[in-house]
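> from the sequence below, what's the structure:
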Amino acid sequence: MKNLDRFRAETVARRDPGSNRFGEMINRYLGAVSYPDPYAVVPVKTTAGAPVTTTVTDGTVLVGVDDSPISSIAVDHAAIEAELHGWALRLVNVRRTGADEAGESLLRRLTDRVHASAPAVVVSSRLAVGAHPAQLLLAAAGDADLLVVGHRHGATSTALGRSVADRVGRHHAGPVLVVRMPGWPAGPEFGARPLVVAVDGSAPARAAAEFAYAEARVRGCDVTQLHIVGDRMDLARRLEDRDGVRVHHRIMSGDPASALLAESARAAAVVIGRSRHEVIVPTLLGPAAHLLPQRALCPVFLVG
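I've put the predicted structure just below:
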């Protein structure tokens, strides 16, 4: 890129990006500042008489739920994704034993939670019963455009069980959002944070970057793109406009996994590329990157 072309691109990228829809939705969900009750219906301020726009349901977000507090947070993020993309939301409660009133009651509470802040989102729910929860969830999510699972604090357990979430993250053919939110609610500034993606020139990393651009476009946020030393990059820091998305390019130094973990404290989400059902940010990013879904300080998208 010539110097004049670079100057023009950076000038465009520095312009006001417009409405941050994700930030507006996060603030709406935060409503009462905190969630004292994990199943509490979050109040939402609405304009009297304002019409509710019907969500276009040409896609589906599926979220696996149980009775843990992180499940409620996962449902919030799943509902926001559904509203952002104009998709329907499907709640699935996986149980090893027969359906009971507790499961039905859980699904009703979580459905009410969604409708309190996103009344236009079309919500459906179902109980899935069987001895293999991961297989049941994967089967239920076969036609979903995005699968969402919650991750409890710490590296040893997840909503629905660590083994279930890990297997789902590895084997689901489409994008998976692992919701990790230690310290939630993060406050109103969370919605202004960028998406973070790391690239090394590999196909999975390129797919992750394209996903990050598309997600940022519907959210109205920036992308921080971290380049591994060795990836083609002529500047340590560069700003560009990519179809209306501001992309901040940076060179990573040191251990890539550690750098991504540090960035997760300042990100709305981290996007990771996968290959052949493994959570990886390939060779140059190192094998430790598979720990991000368990240790990141923000939600993690698994793509590929």
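> just the helices in the chain please.
Using DSSP state H, the helices found in the chain span residues 3-13, 21-30, 69-85, 101-117, 133-140, 162-171, 203-219, 256-263, 292-295.
> comparing these, which comes out most buried?
Comparing these by mean neighbour count (mean count of other Cβ atoms under 10 Å), helix 69-85 ranks first with a mean of 24. Placement of C-beta: from N, CA and C, glycine included.
> give the residue spans of the stretch 101-250 of the chain that score low on pLDDT.
152-163, 182-188, 229-237 (pLDDT under 70).
> of all the helices of the chain, which lies closest to residue 177?
Among the helices of the chain, helix 69-85 comes nearest to residue 177, with 6.6 Å by Cβ to Cβ.
> now do that closest one: which elements does it pack against?
Judged by 3 or more Cβ pairs under 8 Å, 6 or more residues apart in numbering; DSSP states H and E, the packing partners of helix 69-85 are helix 21-30, strand 60-65, strand 88-95, helix 101-117, strand 146-150, strand 176-179, helix 203-219.
> could you list the domains of this protein?
21-32+55-179, 193-295 (automatic domain parsing).
> would you list the ones you listed in CSV and tack on distance to residue 303?
Below are the domains of the chain laid out as CSV (distance: least, Cβ to Cβ, whole Å):
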stretch, distance to residue 303
domain 21-32+55-179, 5
domain 193-295, 5
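> tell me which of those sits nearest to residue 302.
Per Cβ to Cβ, nearest to residue 302 of the domains of the chain: domain 21-32+55-179, 4.3 Å.
> before we move on, back to that, among the helices and strands packed on helix 69-85, which comes closest to residue 192?
Comparing those by Cβ to Cβ, helix 21-30 comes nearest, at 5.3 Å.
> chain center to the closest one, what's the gap?
In this view, helix 21-30 has its centroid 14 Å away from the chain centroid, taken as Cα atoms, centre = their mean, to the nearest Å.
> name the helices or strands packed onto that helix?
Counting contacts by 3+ Cβ pairs under 8 Å, 6+ apart, helix 21-30 packs against helix 69-85, helix 101-117, helix 203-219.
> which ones are touching residue 179?
Listed by Cβ atoms under 8 Å, 6 or more residues apart in numbering, the contact set of residue 179 reads 70, 73, 74, 77, 148, 149, 150, 151, 299.
> what about stretch 113-130, how long is it end to end?
Start-to-end span of stretch 113-130 (Cα to Cα, to the nearest Å) is 26 Å.
> would you confirm that residue 93 contacts residue 107?
Yes - with contact defined as Cβ atoms under 8 Å, residue 93 counts as touching residue 107 (5.7 Å).
> between the two, which contacts overlap?
Shared contacts of residue 93 and residue 107, counting by Cβ under 8 Å, 6+ apart, come down to 65, 125, 126, 127.
> surely the second one touches residue 109?
Okay, so that is residue 125. No - using Cβ under 8 Å, residue 125 is not in contact with residue 109; the gap is 10.5 Å.
> distance of the residue nearest the centre of the chain relative to residue 128?
In the chain, the centroid-proximal residue (Cα atoms, centre = their mean) is residue 177; its distance is 4.4 Å. As judged by Cβ to Cβ, to the nearest Å, residue 177 and residue 128 stand 19 Å apart.
> check contacts around residue 164.
Contacts of residue 164 by Cβ under 8 Å, 6+ apart are 64, 94, 133, 134, 137, 149, 158.
> repeat that for residue 114.
Here residue 114 is in contact with 75, 79, 89, 121, 123 (criterion: Cβ under 8 Å, 6+ apart).
> if we go to 6 Å?
79, 121, 123 (Cβ atoms under 6 Å, 6 or more residues apart in numbering).
> cool, residue 78 as well?
61, 63, 89, 148.
> go again using 10 Å as the cut-off
Each residue near residue 78 by Cβ atoms under 10 Å, 6 or more residues apart in numbering is listed here: 61-65, 87, 89-91, 110, 114, 121, 123, 146-150, 177, 179.
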